[in-house]
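Peer 1: Here is my input; please provide its structure:
(chains A and B)
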Amino acid sequence: MRNTLSETILDKKQKILAGGAPKYHEKLKEQKKLFVRKRLELLFDGGQYEEDGIYANYEVKDLPADGVVTAIGKVHGQTVCVMANDSTVKAGSWGARTVEKIIRIQETAERLKVPLFYFVDSAGARITDQIDMFPNRRGAGRIFHNQVKLSGMIPQICLLFGPSAAGGAYIPAFCDIVIMVDQNASMYLGSPRMAEKVIGEKVTLEEMGGARMHCTVSGCGDVLVFSEEEAIESARRYFSYFPANFQERPKRLPSFNPKPGRALDEIIPTHQNAPFDMYECIDSLIDEGSFYEIKKLFAPELITGLARIDGRVVGIIANQPKVKGGVLFVDSADKGAKFIQLCDAFHIPLIFLADVPGFMIGTKVERAGIIRHGAKLIAAMSSATVPKISVIVRKAYGAGLYAMAGPAFDPDYCVALPTAQIAVMGPEAAVNAVYSNKINEIEDPKERIAFIQQKEQEYKEHIDIYKLASELIVDDIVAPSQLRDTLMKRLCYYETKDVVTTVRKHPVYPV
Amino acid sequence: MKTINSTMAGIVSNVLVGKGDTIEIGQEVVIIESMKMQIPIETEIEGVISEVKVNAGDFINEGDVLLIIE
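Peer 2: The predicted structure is shown next:
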């Protein structure tokens, strides 16, 4: 009798675990997608995990597990929770029990203080079920409410394998990171079909909300990958930089030497206006192979990524002189602000590599709110209480100095390379601003050039980095060859930094 | 027909290619001076240049067409 009961249960479970009808599995293959439980096997250590709510909506035919898998298992030995849409079941759409399962796995993650992965591949809400799943206290809105509540408490990692439509598009938006699979992943509030009907716009799905668009233009996507396996591998790698929750610290790994290459003083041109590749500079400072870049394709004039120095996790935020001169724009300010908040939430020290002419000027950026967006970056940097190390690589002009954790913003250490130049503006702009009338009055061109050169030289002497060190504006000037060693030591000494925030609810952030 | 556009506002400092030249992805084609910086514009497409739309000294806005590619 017992055997019969067990067999019955196993049989029922196997049917549920197989997901939707075979034709939908065939469709997955055509789309080069993996079945949801195969995705989970790839994520979890040894492919082992436990599911909750397997029998959800059991009494309704063709809705196995109600189209979502909620599971718990280990990743890199750390317990994590997952919610994963099953697109073979009604296109992964949400019914009442789907929503309830997602809310419950969020509550589990909160109770256990463990990370939560969202594997998104869903057509959105089932309109036919809307009263049961949409408006109530434990309706779909609760999922987003929980995401906001959990933000900064536990890592929330989104992998977008398919569509994330309408309200469902807010799941990625509330996560710390969004990894999108090229060609298959998409997110949009209104589909192309709806856009055509409602506003008369004709557009493809890729143009409206494709992975590439979101990773390059909108900034809603963080990492663009080209297969589901790559997405899961990328998520596992990203997670390796994080603690389980905000009360723990990232794990230190064995140290590795930097990637072999040119020395820093060969990489950095002394002429302030000449472009160079900041990636080469980063490579010379971090453990080889440890860079995990976030938003590589979005606002590339600012580089943001996780790395290890002497095995310790750090967040690198660096101007890229090779792209747009490293000038800060609206998008790069947003990109930096989000990255700083991410690192600060999970005790990841920040290293700023400054080579910045300032924030962009002109009507285009003023209309786009460069002041508001710049303030957002400065507010995030200013509020961060993790160890902050500001490295003045070359120029740091105007509010660019502020944004890159300049001396006034409580960096634990502000170190300059000999090529550093800190000023309100560069010599050419400053001489032009101060002596514009005088320059125009000089009629002889040679005399005019000589006057300008003399004033620029005087200005350069005025802002000489050794003079600034003498005034204690920077804490030290180090040889480029010593920079990595210096960073290693400082990161070690600052490991115990623990700042308790002030007594208030929160600042009124510029957004 | 494809175009290479300016990534930011500034003054054209140097046009490194001419009509009829074949360009490859990643090649620097125009140098812009903006915010007192020399900003190289690299092409993300390959092909043969059919028209050069700017000269050294021109002011260009973000998005303005620099080159037309066949």
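Peer 1: Could you use CA atoms for every contact and neighbour count after this?
Peer 2: Fine.
Peer 1: Restrict stretch A:200-220 to CA atoms and write it as PDB.
Peer 2: The C-alpha trace of stretch A:200-220 is given here as PDB (Å, rounded to 0.1, in the frame of the first residue of the first chain):
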ATOM      1  CA  GLY A 200       0.400  54.700 -33.600                       C
ATOM      2  CA  GLU A 201       4.100  53.800 -33.400                       C
ATOM      3  CA  LYS A 202       5.400  51.000 -35.600                       C
ATOM      4  CA  VAL A 203       8.400  49.400 -34.000                       C
ATOM      5  CA  THR A 204      10.000  46.000 -33.700                       C
ATOM      6  CA  LEU A 205      10.300  44.100 -30.400                       C
ATOM      7  CA  GLU A 206      14.100  44.500 -30.400                       C
ATOM      8  CA  GLU A 207      13.800  48.300 -31.000                       C
ATOM      9  CA  MET A 208      11.200  48.600 -28.300                       C
ATOM     10  CA  GLY A 209      12.800  46.600 -25.500                       C
ATOM     11  CA  GLY A 210      15.400  44.200 -26.800                       C
ATOM     12  CA  ALA A 211      18.400  43.100 -24.700                       C
ATOM     13  CA  ARG A 212      20.900  45.100 -26.700                       C
ATOM     14  CA  MET A 213      18.800  48.300 -26.600                       C
ATOM     15  CA  HIS A 214      18.500  48.000 -22.800                       C
ATOM     16  CA  CYS A 215      22.200  47.300 -22.300                       C
ATOM     17  CA  THR A 216      23.400  50.100 -24.600                       C
ATOM     18  CA  VAL A 217      20.700  52.800 -24.600                       C
ATOM     19  CA  SER A 218      18.200  52.700 -21.700                       C
ATOM     20  CA  GLY A 219      20.600  51.400 -19.100                       C
ATOM     21  CA  CYS A 220      17.900  49.000 -17.800                       C
END
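Peer 1: now it: how far from the chain's centre is it?
Peer 2: 19 Å (C-alpha atoms, centre = their mean, to the nearest Å).
Peer 1: what are the bridge partners for A:Val415, then?
Peer 2: Listed beta-bridge partners, A:Val415: A:Val391, A:Asp476 (assigned using DSSP bridges).
Peer 1: And for it, the neighbour number?
Peer 2: Residues within reach of A:Val415, counting by other C-alpha atoms under 10 Å in any protein chain shown, total 26.
Peer 1: ok, so what distance separates it from chain B?
Peer 2: Plainly put, A:Val415 is 23 Å away from chain B if you go by C-alpha to the nearest C-alpha, to the nearest Å.
Peer 1: quick one: contacts for that residue?
Peer 2: By C-alpha atoms under 8 Å, 6 or more residues apart in numbering or on different chains, the contact set of A:Val415 is A:389-392, A:474-478.
Peer 1: The helix or strand where A:Ala84 lies pairs with which strands, parallel or anti?
Peer 2: Element membership for A:Ala84 (DSSP states H and E) is strand A:78-85. Partner strands for strand A:78-85, per DSSP bridges, with pairing direction: strand A:68-75 (antiparallel), strand A:116-122 (parallel).
Peer 1: how about CSV for those strands, with distance to A:Val60 added?
Peer 2: CSV is the format used below for the strands paired with strand A:78-85 (distance: least, C-alpha to C-alpha, whole Å):
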stretch, distance to A:Val60
strand A:68-75, 15
strand A:116-122, 19
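Peer 1: highest average neighbour count across those strands?
Peer 2: Of those, the one with the most neighbours on average (mean count of other C-alpha atoms under 10 Å in any protein chain shown) is strand A:116-122, at a mean of 26.
Peer 1: and that one, how far from the chain's centre?
Peer 2: On C-alpha atoms, centre = their mean, the centre of strand A:116-122 falls 17 Å from the chain's centre.
Peer 1: nearest residue to A:Thr385 other than its sequence neighbours?
Peer 2: Among residues not flanking A:Thr385 along the chain, A:Val499 sits closest, at 6.0 Å (C-alpha to C-alpha, 6 or more residues apart in numbering or on different chains).
Peer 1: next one: B:Ile11
Peer 2: Leaving aside its sequence neighbours, B:Ile11 sits nearest to B:Phe59 (C-alpha to C-alpha, 6+ apart; 4.5 Å).
Peer 1: what's around the one you found, how many residues?
Peer 2: By other C-alpha under 10 Å, the residues close to B:Phe59 number 16.
Peer 1: list the contacts for the residue of the stretch 151-300 of chain A found nearest chain B?
Peer 2: Closest contact between the stretch 151-300 of chain A and chain B, by C-alpha to the nearest C-alpha, is at A:Asn273 (4.7 Å). Counting by C-alpha under 8 Å, 6+ apart, A:Asn273 makes contact with B:36-38.
Peer 1: a markdown table for these, including neighbour count and pLDDT?
Peer 2: Listed next are those as a markdown table, based on neighbours: other C-alpha atoms under 10 Å in any protein chain shown; pLDDT from 0 to 100:
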| residue | neighbour count | pLDDT |
| --- | --- | --- |
| B:Lys36 | 19 | 82 |
| B:Met37 | 22 | 85 |
| B:Gln38 | 23 | 85 |
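Peer 1: For chain A, tell me which of the residues you listed show up nearby.
Peer 2: Among these, the residues within reach of chain A (C-alpha under 8 Å from any C-alpha of the partner chain) are B:36-38.
Peer 1: The residues you listed into JSON lines, with extra columns for secondary structure?
Peer 2: Converted to JSON lines, these look like this (DSSP: H, G, I helix; E, B strand; the rest coil):
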{"residue": "B:Lys36", "secondary structure": "coil"}
{"residue": "B:Met37", "secondary structure": "strand"}
{"residue": "B:Gln38", "secondary structure": "strand"}
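Peer 1: Would you mind listing what in chain B touches chain A?
Peer 2: By C-alpha under 8 Å from any C-alpha, the part of chain B that sits against chain A consists of B:7-9, B:34-40.
Peer 1: Kindly recompute the last result at 10 Å.
Peer 2: Within chain B, the residues that sit near chain A (C-alpha under 10 Å from any C-alpha of the partner chain) are B:6-10, B:32-42, B:61-62.
Peer 1: Out of the residues you listed, which end up buried?
Peer 2: Among these, those scoring as buried are B:6-10, B:32-42, B:61 (criterion: 16 or more other C-alpha atoms under 10 Å in any protein chain shown).
Peer 1: Those in strands, which ones?
Peer 2: Mapping these onto strands (DSSP state E) picks out B:10, B:32-34, B:37-42.
Peer 1: A:Tyr49 contacts A:Lys38, doesn't it?
Peer 2: No. Assessed by C-alpha atoms under 10 Å, A:Tyr49 is found out of contact with A:Lys38, at 11.4 Å.
Peer 1: So for these two, which sits in the more crowded spot?
Peer 2: Neighbour count, other C-alpha under 10 Å: between A:Tyr49 and A:Lys38, A:Tyr49 has more, with 20 against 11.
Peer 1: worst-scoring helix or strand of chain B, pLDDT-wise?
Peer 2: Lowest on mean pLDDT, DSSP states H and E among the helices and strands of chain B sits strand B:37-42, with a mean of 89.
Peer 1: Would you mark the buried spots in the next helix or strand after that strand?
Peer 2: Per DSSP H and E, the first helix or strand lying C-terminal to strand B:37-42 is strand B:47-52. Neighbour counts over strand B:47-52 (16+ other C-alpha under 10 Å) mark B:47, B:49-52 as buried.
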